[in-house]
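Q: Output the structure for:
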Amino acid sequence: DERFVRQLCQKYGIRLHTIDFNTTQYATEKRISIEMAARELRYNWFEKIKEECGAHVIAVAHHQDDSVETMLLNLIRGTGITGLLGIRPRNGAIVRPLLCINREEIIRYLQQIGQDFVTDSTNLEDEYTRNKIRLNLLPLMQEINPSVKNSLIETSNHLNDVATIYNKVIDEAKTRIITPEGIRIDALLDEPAPDAFLFETLHPLGFNSAQIKDIANSLHGQSGKQFVSKEWRVIKDRNLLLLETIQPEDGPALPYQLIKEEREFTPDFRIPREKETACFDADKLNEEIHCRKWQAGDTFIPFGMTGKKKISDYLTDRKFSISQKERQWVLCCGERIAWLIGERTDNRFRIDETTKRVIIYKIGNFCFLKHSDSKEAKGVSYFLALFAHAFTQAQHLMHFSAFVFSSSPLVIAPAGQRAAQIPQ
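A: Got it, this is the predicted structure:
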């Protein structure tokens, strides 16, 4: 195959790029099929070549028969309405100019102009699912309906119009159901087809049909159940389905900066009321200071109280969601918790009439992490801003501040909120 292509490119003066992949090894490492591994490898390479050449698009040779096979493949695996549309003429930088003609028409044209061609030998083997559809399933379907391919293409074209209406309704529902924290269960159940909405929201995130059915069945159950795809996690909370990306386990790292300041205690000193700032008697912080995530069984004496309280109980009383609890950090003095960071200090380290020096810890400012372009934004630039503290729902979860930055509005979103969740 490669020799034929080299000769063809040499004949017409076309620049040729070639590469070899260890597809089997890649598939094993990624735990995906050989077909999917080959697809990922070649499209990643196509994108690299496009950038190197300064090209605008990548044209691939999918034709009408490929689209029919894709429809059937998706139907067999389980799909929504989008999966029944077949292959799209354009997907980002990928264009498919031959989708309007079928394999027979292409071969007939090549024969008319006297152009030799080769057939990939693997296309004649039924080891892969797509080949089984091409070699076994489609011929059986043609026995029932000789023009089944045309029928499927016509159905795909009709479903494309239906999908336009369907997706419009789904998008409108998202504005009623999805919040920065996740999916509102009560609003979801008020929709005429909650299961369809769940599928269209979660299937693109890698959840399969069986998982989505289990998630739907959990809506009336207790909190705490989790469902995981390759990159996403759904957590059933009290009134929400929390959606979170799965973070790599590179070891715990404080997700914000703590700024330390030490000063003399004077009569005019005023303790800041902001939860992002904590003040301590310096002499009471007499052991090693370190930060960690809170653990089951941790206790502290909340400021203004005399008795111990479990961290878990405190967070529950504050109505923290499961994911908020998982993100909560503590500042420790030795084995004792001095500050439930961003929430409350421990009464044992409070400033009193004997205090001589004060240590102040303050959560650092936010930083910009990601720039997101949107076709709907009409030139407006959106940034994902990471706040130093994951504010609670009651504090700032739905608060947005807009500024002017380089003549474009700048939307700042709370910590943990993904760019896709920032309202356009």
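Q: in the stretch 201-350 of the chain, which ranges drop under the pLDDT threshold?
A: For the stretch 201-350 of the chain, residues meeting the criterion pLDDT under 70 lie at 247-252.
Q: hey, where'd the helices end up in it?
A: With DSSP state H, counting those that start in this stretch as the definition, the stretch 201-350 of the chain shows helices at residue ranges 209-217, 311-317, 322-326.
Q: Pick the most buried one from those.
A: Compared across the helices of the stretch 201-350 of the chain, helix 322-326 shows the largest average neighbour count, a mean of 17 (mean count of other C-beta atoms under 10 Å). To be clear about C-beta, it is placed using only N, CA and C from the backbone, and glycine gets the same treatment.
Q: Just list what that one packs against, helices and strands only.
A: strand 240-245, helix 311-317 (3 or more C-beta pairs under 8 Å, 6 or more residues apart in numbering; DSSP states H and E).
Q: Make JSON lines out of those and add distance to H56.
A: Supplementary listing: these in JSON lines, determined by distance: least, C-beta to C-beta, whole Å:
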{"stretch": "strand 240-245", "distance to H56": "31"}
{"stretch": "helix 311-317", "distance to H56": "51"}
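Q: who touches L137 in this structure?
A: With contacts defined as C-beta atoms under 8 Å, 6 or more residues apart in numbering, the neighbours of L137 are L72.
Q: quick one, phi/psi of it?
A: The phi and psi values for L137, taken as degrees, to the nearest 10, are phi -70, psi -50.
Q: Please report the distance of it from P146.
A: From L137 across to P146, the span is 15 Å (C-beta to C-beta, to the nearest Å).
Q: And T345, by the same measure?
A: 79 Å.
Q: okay, these two: which has more neighbours?
A: Remark: of T345 and P146, T345 carries more neighbours, 26 against 10, as counted by other C-beta atoms under 10 Å.
Q: now the strands for the stretch 301-424 of the chain?
A: 309-310, 329-333, 336-340, 344-345, 357-363, 367-372, 382-386, 401-405, 408-412 (DSSP state E, counting those that start in this stretch).
Q: got a list of contacts for the longest one?
A: In this case it means strand 357-363. Outside strand 357-363, the residues that touch it by C-beta under 8 Å, 6+ apart are 256-265, 269, 272, 276-283, 285, 331, 339, 341-342, 351, 388-389.
Q: could you say which helix or strand contains T155?
A: Assigned by DSSP states H and E, T155 belongs to helix 148-177.
Q: Show me what that helix is packed up against.
A: When contacts are defined as 3+ C-beta pairs under 8 Å, 6+ apart, helix 148-177 packs onto helix 64-77, helix 138-144, helix 185-190, helix 194-202.
Q: What lies in contact with the shortest one?
A: Surrounding helix 185-190, the residues in contact under the criterion C-beta under 8 Å, 6+ apart are R176, I177, P194, F197, L198, L219, N239, L240, L241.
Q: quick check, nearest of those to D120?
A: For the contacts of helix 185-190, the minimum distance to D120 (C-beta to C-beta) is 39.3 Å, reached by L198.
Q: Fine by me, thanks again.
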